[in-house]
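[1] output the structure for:
(4 chains)
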Protein chains: 2
Amino acid sequence: MAKQADSKTRSVRGSRTGRPIMALLDLLGRRWSLRILWELREEPLTSRALRTACDEASPTVLQARLTELREAGFVELGDGGGYGLTAMGRELCETFMPLHRFAERWRSKSGA
Amino acid sequence: MAKQADSKTRSVRGSRTGRPIMALLDLLGRRWSLRILWELREEPLTSRALRTACDEASPTVLQARLTELREAGFVELGDGGGYGLTAMGRELCETFMPLHRFAERWRSKSGA
DNA sequence: TCCGTTGCTACAATTATCATAGCAATACGC
DNA sequence: GCGTATTGCTATGATAATTGTAGCAACGGA
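    The predicted model follows:
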């Protein structure tokens, strides 16, 4: 375990074009990555609280994602415990906010 | 195979809160989902061309993602063949465009 | 000390993904 | 028609990722 290197320089699996967008797309295209960022968007959470927020996802993956996200510089472990977004992590989250409204439109438009 | 239902109503694995943002986050948090949308952002591509664009990802996953993305209403198979984004798919892609610029900032700021 | 919490890990079982090969259907030139 | 090349798509076994459950050491409060 813990073989994930820095997930930006060596790029993550499947996309080694060197273009950072690809690395980012691949990092975010991992299970729980987006969800973790989303759950952390308002306030820092302890690992357990984060787990609860993420539908009790297994700590194995959560820790793996957390490590990757930390290495990517989006998430950090606060001194008093608890995971929170870094400045860049918050920036990334801002980027995703429009997704929230889009999701609403999506539901209403597409069938159901 | 082909048990993916509509990936919005019954929600995808891990997030059955009913909130569409969760379903969307989960759908996009699958391997190649984001990448496919990204590669299709400018013009429709045939399944083979898409495969090439996606670093020769295996057709198994590509077809699975394509099916999910089609059921979600983001991607469609054109009459003359070739996959393209729907109006909503284009909308979603617009949402991701800021990600491109962010990725550039990300690289320059964070270490490497 | 005993309890409860923290972040984190081990392990086996289940899924997802990969990589390769190949299918039926269609469209072309001959 | 016949071969050839494309299309979208599927089968299969191997490999990697994810899950679920249990548990660890470290810290703090009672």
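
[2] which pLDDT value goes with the residue nearest to residue A:62 when sequence neighbours are not counted?
    Of all residues not flanking residue A:62 in the chain, residue A:51 sits nearest, at 5.9 Å (CB to CB, 6 or more residues apart in numbering or on different chains). C-betas here are computed from N, CA, C, even on glycine. Looking at residue A:51, its pLDDT reads 96.

[3] now the helix or strand harbouring residue A:51: how far from the chain's centre is it?
    Using DSSP states H and E, residue A:51 maps to helix A:47-53. Offset of helix A:47-53 from its chain centre (CA atoms, centre = their mean, to the nearest Å): 14 Å.

[4] who are the contact partners of residue A:104?
    Residues near residue A:104 by CB atoms under 8 Å, 6 or more residues apart in numbering or on different chains: B:20, B:21.

[5] what of the one 5 residues further on?
    Residue A:109 is in contact with B:73, B:88, counting by CB under 8 Å, 6+ apart.

[6] likewise for residue A:84?
    Contact analysis of residue A:84 by CB under 8 Å, 6+ apart lists A:40, A:43, A:44, A:45, A:75, A:76, A:78.

[7] how near is the nearest residue to residue A:76 once chain neighbours are set aside to DNA strand C?
    The shortest distance from residue A:76 to any non-neighbouring residue, by CB to CB, 6+ apart, is to residue A:86 (5.1 Å). For residue A:86, the distance to DNA strand C equals 15 Å [CB to the nearest atom of the strand, to the nearest Å].

[8] my guess is residue A:86 meets residue A:74, correct?
    Yes - using CB atoms under 8 Å, residue A:86 makes contact with residue A:74 at a distance of 6.1 Å.

[9] the strands in chain A, which residues?
    For chain A, the strands defined by DSSP state E occupy A:75-77, A:83-85.

[10] what about the residue nearest to residue A:62, neighbour count?
    17 (other CB atoms under 10 Å in any protein chain shown).

[11] and what of residue A:78?
    Counted with other CB under 10 Å, residue A:78 comes out at 10.

[12] centroid residue for chain A?
    Nearest to the mean C-alpha position of chain A, by CA atoms, centre = their mean, lies residue A:33 at 3.3 Å.

[13] near DNA strand D, which residues of chain A are found?
    By CB under 7 Å from any atom of the strand, the part of chain A that sits against DNA strand D consists of A:13, A:30, A:31, A:32, A:56, A:57, A:58, A:59, A:60, A:61, A:64.

[14] out of the residues you listed, which one has the lowest pLDDT?
    Minimum pLDDT for the residues of chain A next to DNA strand D is recorded at residue A:13 (41).

[15] state the mean pLDDT of the helix of greatest length in chain A.
    Using DSSP state H to define each element, chain A has its longest helix at helix A:87-109. Averaging pLDDT along helix A:87-109 yields 90.

[16] ok so, going back, so which of the contacts of residue A:84 comes closest to DNA strand D?
    Comparing the contacts of residue A:84 against DNA strand D with CB to the nearest atom of the strand places residue A:78 closest, at 14.0 Å.

[17] quick one: that closest one and residue A:43 touch, right?
    No - using CB under 8 Å, residue A:78 makes no contact with residue A:43, being 10.9 Å away.

[18] for the longest helix of chain A, list the C-alpha coordinates in CSV.
    Taking Å, rounded to 0.1, in the frame of the first residue of the first chain, the C-alpha atoms of helix A:87-109 are listed here in CSV:
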residue,chain,number,x,y,z
ALA,A,87,-6.7,27.0,-0.2
MET,A,88,-6.3,25.2,-3.5
GLY,A,89,-8.8,22.6,-2.4
ARG,A,90,-11.3,25.3,-1.8
GLU,A,91,-10.5,26.7,-5.2
LEU,A,92,-11.2,23.4,-6.7
CYS,A,93,-14.4,23.1,-4.8
GLU,A,94,-15.5,26.4,-6.1
THR,A,95,-15.0,25.0,-9.6
PHE,A,96,-17.5,22.3,-8.7
MET,A,97,-20.2,24.5,-7.3
PRO,A,98,-21.9,25.1,-10.6
LEU,A,99,-22.2,21.3,-10.7
HIS,A,100,-24.7,21.5,-7.9
ARG,A,101,-27.1,23.7,-9.8
PHE,A,102,-26.5,21.7,-12.9
ALA,A,103,-27.4,18.5,-11.0
GLU,A,104,-30.8,20.0,-10.2
ARG,A,105,-31.5,21.0,-13.8
TRP,A,106,-30.3,17.5,-14.8
ARG,A,107,-32.9,15.8,-12.6
SER,A,108,-35.8,18.0,-13.8
LYS,A,109,-34.9,17.8,-17.4
